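Novice: test case, fold it:
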Amino acid sequence: MQITTIAGGVGAARMLRALGATWGPSSLTAIVNVADDELVNGLPVSPDIDSILYTLAGANDEQRGWGLGGETWQAMSMLRRYAEANGRSDIGWFNLGDLDLGSHMYRAVRLAEGATLDVVTAEMARAWGLELRIVPVTNDRLSTKLHTEDGRLDFQEYFVREHHEVAVTGVEFDGTDTATAAPGVLGSIAGAEVIVIAPSNPIVSVGPVLAVPGVRDAIEARREVAVAVSPIIGGKALKGPADRLLRELGHESSALGVARMYVDLVSTMVIDTVDADLAPDIEALGMTVVVTDTIMSDLDIARRLALSTVEAITGTASSTPHAASGEPS
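Specialist: Predicted coordinates for the structure are as follows:
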């Protein structure tokens, strides 16, 4: 079984954890959003990549939903001392924990040496003992820009500094005119037995991945083996601004709204039981619908979701699930 997942953020990390626990981590390739990446306090930060690394390694902070567990913040305290003493409100607003800094420092060193982001990501995954392939969608600079009444904001300015509380009137992805898919991205889509669009924000997590030239076309060509898990449950996102962004940009904030966005990409939608009444309308779009629990509150529920998602494409007899009882390696 080869499963390729389009991934971005915490929801994708949890989905990948469940897929790995169910089908085996070596069966997985994660194609990850990098349009949230930012140079923070002089260091290159890749939030979605790091969330996946930390979650699959079992080292993440489940309560915060991002970063590492057992984190401390002494370096940030020192940085803010300097910034405040010199009137620099533009420095230190993005928190990087002491442990997390090590990841960004390693990434900075390797990129400065000329290594590409996909190579550095593979090295970091190896250091955590992970068997799945984690591949940035591109090694080129890609940046989400949000148009607001306060002007054009970088994603981290919108998400972290402004706590995603400002209204958005438009989204663009800078760099798509020159970006190319990273090595292995298009091949992993073409060769996958199942393509999963994880329950990630369809606009700012999945959207940038699809905007890289060749990626959307590659998925559309494999539509019959592609399945998406709705990140909207009962009209709301579990975390983050996906529901509000959908409404602000003219989409319906529902599993049906997400299905309409994905209709050319996937043949199957997985929706939560609370949205079961939307199934006929989604089926009317020409999609198969799977109704199940999609809130991954524990590993057993998450594994049932992973099983239902993959078997919606493969059928129950085509593969044998991985006999794992704990976290994937």
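Novice: any low-confidence regions in the stretch 201-329 of the chain?
Specialist: 316-329 (pLDDT under 70).
Novice: please repeat the previous calculation with a cut-off of 90.
Specialist: Scanning the stretch 201-329 of the chain for pLDDT under 90 picks out the ranges 238-241, 297, 299, 315-329.
Novice: quick check: residue 147 is in a strand.
Specialist: Yes - counting by DSSP: H, G, I helix; E, B strand; the rest coil, residue 147 is found in a strand.
Novice: now do the same contact list for it.
Specialist: Counting by Cβ atoms under 8 Å, 6 or more residues apart in numbering, residue 147 touches 168, 169, 170, 171, 172. No exception for glycine: its C-beta is placed from N, CA and C like everyone else's.
Novice: next, format the residues you listed as a markdown table and append distance to residue 300.
Specialist: Converted to a markdown table, the contacts of residue 147 look like this (distance: Cβ to Cβ, whole Å):
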| residue | distance to residue 300 |
| --- | --- |
| 168 | 37 |
| 169 | 42 |
| 170 | 41 |
| 171 | 36 |
| 172 | 41 |
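Novice: now do the SS call for residue 153.
Specialist: Secondary structure state of residue 153, per three-state DSSP, is strand.
Novice: how many neighbours does it have?
Specialist: Neighbourhood size, residue 153 [other Cβ atoms under 10 Å]: 19.
Novice: follow-up on the earlier one: please list only the buried members of the contacts of residue 147.
Specialist: Among the contacts of residue 147, those buried by neighbour count (16 or more other Cβ atoms under 10 Å) are 168, 171.
Novice: which ones among the contacts of residue 147 map onto helices?
Specialist: Among the contacts of residue 147, none falls in helices (DSSP state H).
Novice: which ones among the contacts of residue 147 lie within strands?
Specialist: Using DSSP state E, the subset of those located in strands is 168, 169, 170, 171, 172.
Novice: nearest to residue 292, of the contacts of residue 147?
Specialist: Using Cβ to Cβ, residue 171 is the member of these that sits closest to residue 292, with 30.1 Å.
Novice: who's in contact with that closest one?
Specialist: 144, 145, 146, 147, 203, 204, 207, 245, 249.
Novice: mind running it again at 6 Å?
Specialist: 146, 203 (Cβ atoms under 6 Å, 6 or more residues apart in numbering).
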